[in-house]
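**Student:** Fold the following.
(chains A and B)
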Amino acid sequence: AQSVTQPDIHITVSEGASLELRCNYSYGATPYLFWYVQSPGQGLQLLLKYFSGDTLVQGIKGFEAEFKRSQSSFNLRKPSVHWSDAAEYFCAVGAGGTSYGKLTFGQGTILTVHP
Amino acid sequence: GAGVSQSPSNKVTEKGKDVELRCDPISGHTALYWYRQRLGQGLEFLIYFQGNSAPDKSGLPSDRFSAERTGESVSTLTIQRTQQEDSAVYLCASSKGGARDIQYFGAGTRLSVL
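**Tutor:** Numbers count the residues shown, from 1 in each chain, chains lettered A, B, ... in the order given. Below you'll find the predicted structure:
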């Protein structure tokens, strides 16, 4: 069965600092990988996704993520964090090759941004 | 509609009561998913509908949970004889149906069982 681990429950950074959120997955084949962001009281919004091809993917709001098969990782990065990035971030894996997109989510990482 | 709509946004109920949660997917989306998000945890898959195919109910935690969807329209998630451990945010998502199709999420229903 597939699984996702986000090792950091809570991360605090200063505004303008760089950010990396870690995500490790377990899946036997090539996974479909996603990062979602959830602001308080809101649903989840997709930041970016990886299906195949270039392992460095660009997303919305200046985020990017790199798929590293050898490390089973899909870490999310942003070079300069803005106060509005404070939210909870979820990594998810979909079973590529199945007939539908059932997702398995990590436990989430809460990002706090200090001014 | 423009996005996935869920109602009510908040529901407080007493232990042992039944509750119904509603999800209105994006028009034209054939796939609909229900997830549960307990406090401090990630999302757990509950159930999936795709068109007129039999739903995937593999994530439903007990027989107190059930869901229905008529065609490609509204879905309702019913929890019977609610327990305190059912307290969570219930999120609905819809997509065009393929493994590569993006799931769009509603804002969720926060269920509190007293």
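**Student:** is the host helix or strand of B:Ser94 anywhere near chain A?
**Tutor:** B:Ser94 belongs to strand B:88-95 when assigned by DSSP states H and E. Yes: Strand B:88-95 is in contact with chain A by C-beta under 8 Å from any C-beta of the partner chain, via B:91, B:93, B:95. To be clear about C-beta, it is placed using only N, CA and C from the backbone, and glycine gets the same treatment.
**Student:** so the first one makes contact with B:Arg110?
**Tutor:** No: applying C-beta atoms under 8 Å as the test, B:Leu91 and B:Arg110 come out as separate, 10.2 Å apart.
**Student:** between these two, which one's more packed in?
**Tutor:** The neighbour count for B:Leu91 versus B:Arg110, taken as other C-beta atoms under 10 Å in any protein chain shown, is higher for B:Leu91 (26 against 16).
**Student:** give me every residue that touches the more buried one.
**Tutor:** Residues near B:Leu91 by C-beta atoms under 8 Å, 6 or more residues apart in numbering or on different chains: A:43-44, B:6, B:34-37, B:43, B:105-106, B:108.
**Student:** show me where pLDDT drops low in chain B?
**Tutor:** B:1, B:99 (pLDDT under 70).
**Student:** Quickly list what the spatially most central residue of chain A is bridged to.
**Tutor:** Of all residues in chain A, the one closest to the mean position by C-alpha atoms, centre = their mean is A:Trp35, 3.3 Å from it. Beta-bridge pairing for A:Trp35 (DSSP bridges): A:Leu48, A:Cys91.
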